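>>> Need coordinates for the following:
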Amino acid sequence: MFLETPTLDTERLRLRPFCDADGDALFALQSDPEVARYWDSPPWTERESVARFMAGCQKMAQAGDGVRVAVERVADGSFLGWCTFYDWNPDFRSAGLGFCFTQASWGRGHATEAARALLGWAFATLDLNRVQSEADTRNAASARVLEKLGFVLEGTLREDCIVNGDVSDSWVYGLLRREWAGIAA
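I've put the predicted structure just below:
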């Protein structure tokens with residue numbers, strides 16, 4: 001089942017399908033060591049990673065288990081990062097949420113605004129009951145984004161990731177439909 005990647009507009013942002021023109025900005029984002037600091041894979045070093053990422057976006061949509069959207073600022077069209085809705089399971093009515101943004105956009109509410117729009121689309125379009133997200137326990141900023149969106153900390157995955165020799169734990173957050181309905185109202 002194909003899941004069409006939406007185009008969503010907020011006050012300051014546009015969430016849209018990725019296009020070839022995003023390649024340079026995407027590579028710059030994913031190759032930034034500070035951006036990848038709390039990620040579960042090292043920064044990109046090869047340009048071929050862009051093609052694999054774009055193919056992954058298409059594969060996810062074609063399989064019908066998620067979407068990944070580029071996020072740009074409406075005012076000037078600049079690429080700020082991306083959000084993903086992944087592992088959608090219609091039987092369990094669950095999915096995951098993830099996001100990645102440029103350093104220049106940190107602390108400006110872009111991740112919260114974009115993720116809120118994608119969650120709104122997902123809860124309105126799909127028969128979701130639960131969305132889950134994870135954050136490295138050292139990444140307080142991502143945890144704050146999730147908490148602003150209404151996610152509840154449910155537990156810790158101990159020594160969940162090892163990237164470049166660094167062992168780290170991950171927090172697991174969950175958001176239920178009834179909680180989202182109370183926030184979105």
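>>> if I've got this straight, residue 49 is in a strand?
No: under DSSP: H, G, I helix; E, B strand; the rest coil, residue 49 falls outside any strand and is assigned helix.
>>> Tell me which residues touch the nearest residue to it once chain neighbours are set aside, please.
Distance criterion CB to CB, 6 or more residues apart in numbering; nearest residue to residue 49, sequence neighbours excluded, is residue 30 at 6.6 Å. C-beta here means a position set from N, CA and C on the backbone, and glycine is covered the same way. The contact partners of residue 30, taken as CB atoms under 8 Å, 6 or more residues apart in numbering, are 36, 43-44, 49, 53, 100.
>>> Secondary structure and pLDDT added to those residues, as TSV?
Formatted as TSV, the entries for the contacts of residue 30 read as follows, by DSSP: H, G, I helix; E, B strand; the rest coil; pLDDT from 0 to 100:
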residue	secondary structure	pLDDT
36	helix	90
43	coil	93
44	coil	95
49	helix	95
53	helix	95
100	strand	97
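>>> Need the residue in the protein that's farthest from the chain's center.
residue 165 (24.3 Å; CA atoms, centre = their mean).
>>> Next, work out how far apart that residue and residue 17 are.
Separation of residue 165 from residue 17 (CB to CB, to the nearest Å) stands at 36 Å.
>>> again, but for residue 88
17 Å.
>>> the more surrounded of those two?
For residue 88 against residue 17, the residue with the higher neighbour count under other CB atoms under 10 Å is residue 88, and the figures read 22 against 16.
>>> Done for today, thanks.
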